[in-house]
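J.: Here is my input, please return the structure:
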Amino acid sequence: MSRSLLVILVAFLAPSCSAPNASSSDPVNGLPEPDRFEQEPNDEHPQALGVIRPTLVVGGTMDECGADGSFEGSDVDRFSFSVGQPEAIDLYLTVHGGDLDLLLYNPQGELMADEHQASAHGEALQFSIGPDAEYEVELRCWMGDEPGWRLVFEQGAEQ
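T.: As a prediction, the model looks like this:
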């Protein structure tokens with residue numbers, strides 16, 4: 001198996017998912033202080049984060065959320081990333097003021113994980129990936145009034 005195809009989805013975490021090692025917080029809403037911010041437009045084409053190194057915090061807000069049980073018209077934020085060496089990652093989505101869903105896609109564009117707890121706390125995933133391949137994370141807004149969010153990539157436990 002090639003290193004770029006080494007993808008193992010390990011587990012979903014509980015819906016209560018504050019990033020345990022996020023060092024500083026935004027005093028306004030308690031979210032971790034971001035290292036980078038989302039750049040629109042990133043609904044159709046992902047914003048490239050490049051080769052990431054945990055811990056990395058990406059921050060943003062959602063302009064529009066779904067309604068009546070549909071994501072139609074909802075803001076979608078997409079990000080592409082890769083790693084420089086095989087990496088176990090804990091990925092946390094923390095949210096203030098809404099309910100967002102977190103999706104993870106492999107380099108072939110296939111859905112690896114769709115975390116959509118009915119929770120305003122956020123979402124979380126644990127996974128291991130290999131280098132030299134680009135993965136994609138998608139955030140979708142289910143409900144809220146311009147909710148703020150932080151996507152936290154942390155070093156996961158060794159597999």
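J.: by contact count, what packs against the longest strand seen in the chain?
T.: When the chain is parsed with DSSP state E, its longest strand is strand 135-155. Applying 3 or more CB pairs under 8 Å, 6 or more residues apart in numbering; DSSP states H and E, we find strand 135-155 packed against strand 56-61, strand 76-82, strand 87-105. C-beta coordinates here come from the backbone N, C-alpha and C atoms, glycine included.
J.: just the angle between it and strand 87-105, please?
T.: Strand 135-155 runs at 150 degrees relative to strand 87-105, counting by axes from the mean of the first three to the mean of the last three CA atoms, to 10 degrees.
J.: Show me what the mean pLDDT comes to for strand 135-155.
T.: Confidence for strand 135-155, expressed as mean pLDDT, is 92.
J.: go on, stretch 63-72?
T.: For stretch 63-72, mean pLDDT rounds to 80.
J.: what ranges of the protein fall below the confidence cut-off?
T.: For the chain, residues meeting the criterion pLDDT under 70 lie at 1-30, 68, 117-121, 158-159.
J.: contacting residues around the closest residue to L125 other than its chain neighbours?
T.: Once flanking residues are discounted, L125 sits nearest to L91: 4.6 Å by CB to CB, 6 or more residues apart in numbering. The contact partners of L91, by CB atoms under 8 Å, 6 or more residues apart in numbering, come to 102, 104, 124-127, 137, 151-154.
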